[in-house]
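Q: Generate a structure from the sequence data that follows.
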Amino acid sequence: MPARIEDYALIGDMQTAALVSRDGSIDSMCLPRFDSNAVFAHLLGTEEHGFWRIGPAHPSHRPAPLAARRRYLPGTLILESEWDTPTGRVRVTDFMPPRDSTPQTVRIVEGITGTVAMRSTLRMRFGYGRIVPWVHTTNEGRLHSVAGPDSLWLDTTATTYGQDETTYADFTIRAGERVAFVLSWQPSHQAPPPVPDAREALEATEKFWSQWNSNCTYDGPYHDALLRSLITLKALTYAPTGGIVAAPTTSLPEEIGGGRNWDYRYTWLRDAAITLSSLLRTGYREEARAWCAWLVRAVAGDPENLQIMYGIAGERSLGEVELDWLPGYEDSRPVRVGNGAAGQLQLDVYGEVAMTLHAARQAGLGPGETAAHIQVKLVEYLESVWEQPDEGIWEIRGPRRHFVHSKVMAWAAVDRTITLVESGGAIVDAGVLERWRELRSTIHAEVCDRGYDPVRNTFTQSYGSRELDASLLLIPHTGFLPATDPRVMGTIDAVRRELSTPDGFLLRYPTAGSEPGLDGLEGDEGAFLACSFWLVDALAMSGRVDEARTLLERLLDLRSDLGLLAEEWDPVRQRQVGNFPQAFSHVAMCDSILQLAAHDPVRSSL
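A: Down below sits the predicted model:
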């Protein structure tokens, strides 16, 4: 059985990533991109679907021993795992060097004390565990595996042998000795990649992260937590384009054993505003510039058909299929690749795009005339659709509704575009500008009338509903109303009262267990971590700083030993659930840390 979700470590090269468990097994890795087919899919199945474990040798009928300790080298994505055995101590260092061309996974075994018998078990399975490659050893002693368009090359000084369609290496490591394993991917029709130098790769990777960290300008409270989240976001960035995947995994369940399993290896526009904000406020202008440029390219050419998500290079077709040969993480079926929600109508994305471009201009990034033209075209189209019901921020698979958050974000799109025109960033007819001003007032009045419950003093999930939604906490972020407005204050309290789990974290919205809920899906889910961070922000912005700090520290306690967060927290099982690590959770954490620092009266007086 795969490990608990939070017991995995992330390594990556800004084009793909892998998850490494405490027993030294890489159980998830897609090559050559985040959204490529997996070569190791044990995470979603069994060991027959591919994995690569390096650790102390152990009897085959017993579980592999877990590392006694592990850590990232400070400020890096280089993982160190150490085992204490009766005969000595051993360390395995795992990382993926930022690549020029060939993706590589490097694993260096180092003896610390004594003598330790080690084993490498490499079971390569292309096509999400379905395809067994042809494996042979070349005249140069390199292990070469081929399956259709893909090939893998293993370089090591350890002696390897094949058995049961698996490649093994049994060796003994003594104090002071090192044995390296490097697995390289290459298109099968190309010449072999160069033989790698593991030591040089380690030095180059350490240097890369050290230089990258030097750009961080934040030195306030919770610095280490914020930096680890920024490193995670950098690792989830597809370097060639600047797009950020929501997570490097697919189909990790929101409910163990349930069917709420989705592919998150794509880029969501709704992540844009807070991602850009966090990057800019912590000194990472180039990453922010690249993210903004990705956004403009993805939307350009067809702004009227704006999607909620795109592929990491801006691809629009993300067809959803089920992989029926994989049993799913802890029997959570189905396993999906692709995401059918890409074709939904979600009005909030228009606001998110406009807010992102507005933030970029305020920061002096200058998205340019193309971005301004796109923004104007988006609002021209929004004029004709904003009154329609939509699927909303949570991508429901039930009937469309008039979601309050969607209408607020439509207001934000119009508001930011009016600001763009008034500042001279775009030119429209005077009549158009006046029409947009009227539209802004119309949307605002309608939301306050139809989306607000005066008896309970709270905004509601959708027009006329009694249900609440954690996305309502974002109202003050948009400028729609200040956080101190009595209606917003009432909404904060109502959301906290009605959507809190027993341990005080927030659900996104109510679910209905075995019956289809408001989202059209059966089953429940855990507390949505980004929503809980939004509550931190709302409390801080409304002046309740002590409550905000207490909640933030409780949320930070949910992180794994390596500082990573999944999408959700299961309050019953007391464990992380959902795709991992989740960019939305880490972006929201960064934003909460920065919000709290900005509203902390002690820090503000320094």
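Q: Every contact and neighbour count from this point should use C-alpha atoms.
A: Will do.
Q: for the stretch 51-200 of the chain, what spans make up the helices?
A: With helices called from DSSP state H, counting those that start in this stretch, the stretch 51-200 of the chain shows them at 126-129, 198-213.
Q: Looking at those helices, which one is packed in the most?
A: Comparing the helices of the stretch 51-200 of the chain by mean neighbour count (mean count of other Cα atoms under 10 Å), helix 126-129 ranks first with a mean of 22.
Q: any residues touching that helix, and which ones?
A: Defining contact as Cα atoms under 8 Å, 6 or more residues apart in numbering, one finds that helix 126-129 is touched by 37-42, 48-50, 132-133, 147, 150, 326.
Q: and if you look at stretch 173-186?
A: 31-32, 90, 102-118, 150-158, 192-193, 196, 198.
Q: Which of these are buried, as a PyMOL select command?
A: Entered in PyMOL, the line below selects the buried ones among the contacts of stretch 173-186, by 16 or more other Cα atoms under 10 Å:
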select buried, resi 31+32+90+103+104+105+106+107+108+109+110+111+112+113+115+116+117+118+150+151+152+153+154+155+156+158+192+196+198
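Q: biggest helix in the protein, by residue count?
A: For the chain, the longest helix by residue count, based on DSSP state H, is helix 430-450.
Q: what separates that one from the chain centre, distance-wise?
A: How far helix 430-450 lies from its chain's middle: 35 Å, per Cα atoms, centre = their mean, to the nearest Å.
Q: Out of the helices of the stretch 51-200 of the chain, flag the one nearest R573.
A: Closest approach to R573 among these is made by helix 126-129 (28.2 Å; Cα to Cα).
Q: and that closest one, C-alpha only, in PDB?
A: These are the backbone C-alpha positions of helix 126-129, laid out as PDB (Å, rounded to 0.1, in the frame of the first residue of the first chain):
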ATOM      1  CA  PHE A 126       5.200   3.300 -18.800                       C
ATOM      2  CA  GLY A 127       1.600   4.500 -19.500                       C
ATOM      3  CA  TYR A 128       0.500   4.800 -15.900                       C
ATOM      4  CA  GLY A 129       1.700   1.400 -15.000                       C
END
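Q: Please list all residues in contact with G563.
A: Contacts for G563 were tallied using Cα under 8 Å, 6+ apart; they are 225, 228-229.
Q: Isn't G351 up against K407?
A: No: G351 is beyond contact range of K407, at 9.2 Å (criterion: Cα atoms under 8 Å).
Q: Can you pick out the residue with more neighbours from these two?
A: More neighbours surround G351 than the other of G351 and K407, with 30 against 27 (other Cα atoms under 10 Å).
Q: Excluding chain neighbours, what is closest to the more buried one?
A: With sequence-adjacent residues excluded and distances taken as Cα to Cα, 6 or more residues apart in numbering, G351 is closest to A413, at 4.0 Å.
Q: my read: the one you found touches H358, true?
A: No: between A413 and H358 there is no contact under Cα under 8 Å: 9.8 Å.
Q: The two: which is more packed in?
A: A413 (28 against 22).
Q: Enumerate every residue touching the more buried one.
A: 350-355, 379.
Q: Can you lay out these as a markdown table showing secondary structure, pLDDT and distance to H402?
A: Converted to a markdown table, the contacts of A413 look like this (DSSP: H, G, I helix; E, B strand; the rest coil; pLDDT from 0 to 100; distance: Cα to Cα, whole Å):
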| residue | secondary structure | pLDDT | distance to H402 |
| --- | --- | --- | --- |
| Y350 | helix | 94 | 15 |
| G351 | helix | 95 | 16 |
| E352 | helix | 93 | 18 |
| V353 | helix | 92 | 20 |
| A354 | helix | 94 | 20 |
| M355 | helix | 93 | 21 |
| V379 | helix | 96 | 18 |
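Q: and Q163, how many neighbours?
A: Using other Cα under 10 Å, Q163 has 7 neighbouring residues.
Q: need the contact list for it.
A: Taking Cα under 8 Å, 6+ apart, one finds nothing in contact with Q163.
Q: Enumerate the beta-bridge partners assigned to it.
A: Bridge pairing for Q163 (DSSP bridges) gives the partners T166.
Q: all strands for the stretch 151-300 of the chain, in order.
A: 160-163, 166-174, 178-187, 267-268 (DSSP state E, counting those that start in this stretch).
Q: Just name the most buried of those strands.
A: Most buried among the strands of the stretch 151-300 of the chain, counting by mean count of other Cα under 10 Å: strand 267-268, with a mean of 24.
Q: helices or strands up against it?
A: In terms of contacts (3 or more Cα pairs under 8 Å, 6 or more residues apart in numbering; DSSP states H and E), strand 267-268 is packed against strand 309-310.
Q: related to what we said a few turns ago, which one of the contacts of G563 has the most neighbours?
A: In terms of neighbours by other Cα under 10 Å, the contacts of G563 top out with S229 at 24 neighbours.
Q: And K377, how far from D570?
A: The gap separating K377 from D570 is 42 Å, by Cα to Cα, to the nearest Å.
Q: Look at the two and report which has more neighbours.
A: Taking other Cα under 10 Å, K377 and D570 do not tie; D570 has more neighbours (19 against 14).
Q: Determine the number of other residues adjacent to T46.
A: When neighbours are counted by other Cα under 10 Å, T46 registers 19.
Q: Was I right to think it contacts M1?
A: Yes: between T46 and M1 a contact is recorded at 6.6 Å, counting by Cα under 8 Å.
Q: what pairs with the nearest residue to V109 once chain neighbours are set aside across the strands?
A: The shortest distance from V109 to any non-neighbouring residue, by Cα to Cα, 6+ apart, is to V92 (4.6 Å). Beta-bridge pairing for V92 (DSSP bridges): S81, V109.
Q: got it, and L152?
A: With DSSP bridges as the rule, L152 is bridged to S145, W185.
Q: With T113 instead?
A: Note on T113: beta-bridge partners by DSSP bridges are R89.
Q: before we move on, what about the one 4 residues further on?
A: In this entry, A117 is beta-bridged to T172, by DSSP bridges.
Q: do you know how far it is from I173?
A: Distance from A117 to I173, by Cα to Cα: 6 Å.
Q: residues in contact with the residue lying closest to I244 once chain neighbours are set aside?
A: Excluding its sequence neighbours, the residue lying closest to I244 (Cα to Cα, 6+ apart) is T237, at 4.2 Å. By Cα under 8 Å, 6+ apart, T237 lies in contact with 14-15, 243-245.
Q: Dump these to TSV, plus neighbour count.
A: Shown next, in TSV, are the contacts of T237 (neighbours: other Cα atoms under 10 Å):
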residue	neighbour count
M14	23
Q15	25
G243	28
I244	30
V245	29
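Q: As TSV, the residues you listed with pLDDT would be great.
A: As requested, the contacts of T237 are exported to TSV (pLDDT from 0 to 100):
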residue	pLDDT
M14	97
Q15	98
G243	91
I244	93
V245	96
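Q: from these, which is closest to E140?
A: When the contacts of T237 are compared against E140 (criterion: Cα to Cα), the nearest one is Q15, at 28.9 Å.
Q: which residue packs closest to the closest one, ignoring adjacent ones?
A: In this structure, Q15 finds its nearest non-sequential neighbour in Y238, 4.8 Å apart by Cα to Cα, 6+ apart.
Q: All set now, cheers.
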